[in-house]
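In: Got a sequence here, can you model it:
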Amino acid sequence: MTALEGSPGIYSARWAGPDKDFALAMRHVEERVAATGSDDLSCWFTCALAVAWPGGPGVTVEGRIDGTLVFPGRGDRGFGYDPIFQPLGFDQTFGELEPAAKDAMSHRARAFALLKAALL
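Out: Below you'll find the predicted structure:
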C-alpha cells in the first residue's frame, strides 16, 4: 500500500494475528492509513515465483495487480484482504467478484502466466 510504504507486504498474515483474523488485519490497515493522513489509497498484490535447476539458469517472475483500498470492505468471497481490494478498472472488490473472474486476473495468475512463458 502506497500510504503505508509497502506494508504489510510479506507480513500480511502477521497483521491478522495468531488467530489469522483478517477482519482485524483490515481494520489495522484502515487505522494505519488514516493515521498517515494520506489520501493515497493505491495498493497492489504481488506474487513472485522462481524456478532453478542444478547447473542451469534460474528463472524469476513477478505478477502484480494494482488497485485501490476500499473502506469499509465489501463482499464475502475470497480471503485475506480481498474485501478491501478493488482492482483498477473495476467497480467491485476481490471480495465481491466471481471467483473465476478474480482468479483469472490475480497476481498469482499473472505470475504463473509469466513463468509458463519463460519456461516454454
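In: residue ranges for the helices of the chain, please.
Out: 22-36, 99-105, 107-119 (DSSP state H).
In: Show me the one of those helices that comes nearest residue 11.
Out: Among the helices of the chain, the nearest to residue 11 by CB to CB is helix 22-36 (10.0 Å). Every C-beta, even on glycine, is put in place using the N, C-alpha and C of the backbone.
In: gap between that closest one and the chain center?
Out: 15 Å (CA atoms, centre = their mean, to the nearest Å).
In: Please save the CA atoms from it in CSV.
Out: The C-alpha coordinates for helix 22-36 follow below in CSV (Å, rounded to 0.1, in the frame of the first residue of the first chain):
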residue,chain,number,x,y,z
PHE,A,22,-8.4,-10.8,8.6
ALA,A,23,-11.2,-8.6,9.7
LEU,A,24,-8.7,-7.4,12.4
ALA,A,25,-6.0,-7.1,9.7
MET,A,26,-8.2,-4.9,7.5
ARG,A,27,-9.1,-2.7,10.5
HIS,A,28,-5.4,-2.3,11.1
VAL,A,29,-4.9,-1.3,7.5
GLU,A,30,-7.7,1.3,7.7
GLU,A,31,-6.4,2.7,11.0
ARG,A,32,-2.8,3.0,9.9
VAL,A,33,-3.7,4.6,6.6
ALA,A,34,-5.9,7.1,8.4
ALA,A,35,-3.1,7.8,10.9
THR,A,36,-0.8,8.7,8.0
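In: Alright, I will stop here.
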